[in-house]
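*Asks:* With the sequence up front, the predicted model follows.
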Amino acid sequence: MNTIEGLFARSPTLSPDMGPRAMLLALLLAFVLGQLIAWLYKRTHSGLSYSRSFTESLVLITMVVALVMFVIGDSLVTAFGLIGALAIIRFRNVLKDTRDTVFVFFALVLGMALGSQRHGPAIMGTLLLLSATAYLHWTRFGTNGIFDGHLSFRIQEGGSEHDTFGVIQRFCRRFRSLSTRRGAGVTEYVFVVSLRDTRRGDEMLRDLESLGSVGSVSLVLQDELSEV
């Protein structure tokens, strides 16, 4: 316990060491911890907007901010000069996902902590964030909805709805009709379905088509975190 408290303790009378060795240690820690953040972001990312450059930026942002803290040091003049220099740069990249903003913000805070040589809080905070992110991802926290996707098909006149629904029931834990449209000799159905095993979706489609009277069968599985 005393060791952990010693990592967080800082004497108010001692200024941080701004020498080359301290800077090298801070940059190495920023590189390692930034990679941990970027790796977990990649493993837990869901959706269509994944970017390799964004993942690399998480590592580089952590290192750059740590270096900036060393450049500023205790100089108020340097801090204002850096703010003026950064104001010239226009950042036009728009983050589509709030989760991406969280990772960028944490990379900034982590870089500030390492640059000011608060290594204990930086390491502890990174481990806690990684644990929280992994927990939220693998427990599917916040998922709204009990269905996996949409199943649509057509039954020709004279076909057996009982046999068709029997096939669906064999592969699905639950299903519910969204719409039924009757035309000339054809009835079109759209269902929301929750599959017993999402890997057997193609097998269900083949069994439906094998009935003969069922056609235009399609299954669209959705991702609760996907975005367009």
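*Replies:* Looks like it arrived, so ask away.
*Asks:* Quick check: mean pLDDT of the helix or strand harbouring W39?
*Replies:* Element membership for W39, per DSSP states H and E: helix 20-44. Here helix 20-44 scores 91 as its mean pLDDT.
*Asks:* Run through the neighbouring helices and strands of it.
*Replies:* Using 3 or more C-beta pairs under 8 Å, 6 or more residues apart in numbering; DSSP states H and E, the elements in contact with helix 20-44 are helix 52-72, helix 98-115, helix 119-138. From N, CA and C alone the C-beta is placed, and that goes for glycine too.
*Asks:* between those helices, which gets nearest to L24?
*Replies:* Nearest to L24 among the helices and strands packed on helix 20-44 is helix 52-72 (10.2 Å), distances taken as C-beta to C-beta.
*Asks:* Okay, angle between that closest one and helix 119-138 too, please.
*Replies:* Calculated by axes from the mean of the first three to the mean of the last three C-alpha atoms, to 10 degrees, helix 52-72 forms an angle of 160 degrees with helix 119-138.
*Asks:* buried set for helix 52-72?
*Replies:* Neighbour counts over helix 52-72 (16 or more other C-beta atoms under 10 Å) mark 54-55, 57-70, 72 as buried.
*Asks:* Identify all contacting residues around it.
*Replies:* 18, 22-23, 26-27, 29-31, 33-35, 37-38, 41-42, 78-79, 82, 100, 103-104, 107-108, 110-112, 114-116 (C-beta atoms under 8 Å, 6 or more residues apart in numbering).
*Asks:* Which secondary structure element of this protein has the lowest mean pLDDT?
*Replies:* When each helix and strand of the chain is scored by mean pLDDT, DSSP states H and E, helix 2-8 comes last, with a mean of 51.
*Asks:* The most centrally placed residue in the chain and A26: what is the separation?
*Replies:* By C-alpha atoms, centre = their mean, the mean C-alpha position of the chain lies nearest to H45, the distance being 3.1 Å. Distance check for H45 against A26: by C-beta to C-beta, to the nearest Å, it reads 28 Å.
*Asks:* ok, now L67?
*Replies:* From L67 over to A26 (counting by C-beta to C-beta), the distance is 8 Å.
*Asks:* Could you check the pLDDT of the nearest residue to L108 once chain neighbours are set aside?
*Replies:* Spatial nearest neighbour of L108, chain neighbours left out: V65 (5.5 Å); criterion: C-beta to C-beta, 6 or more residues apart in numbering. For V65, the pLDDT comes out at 87.
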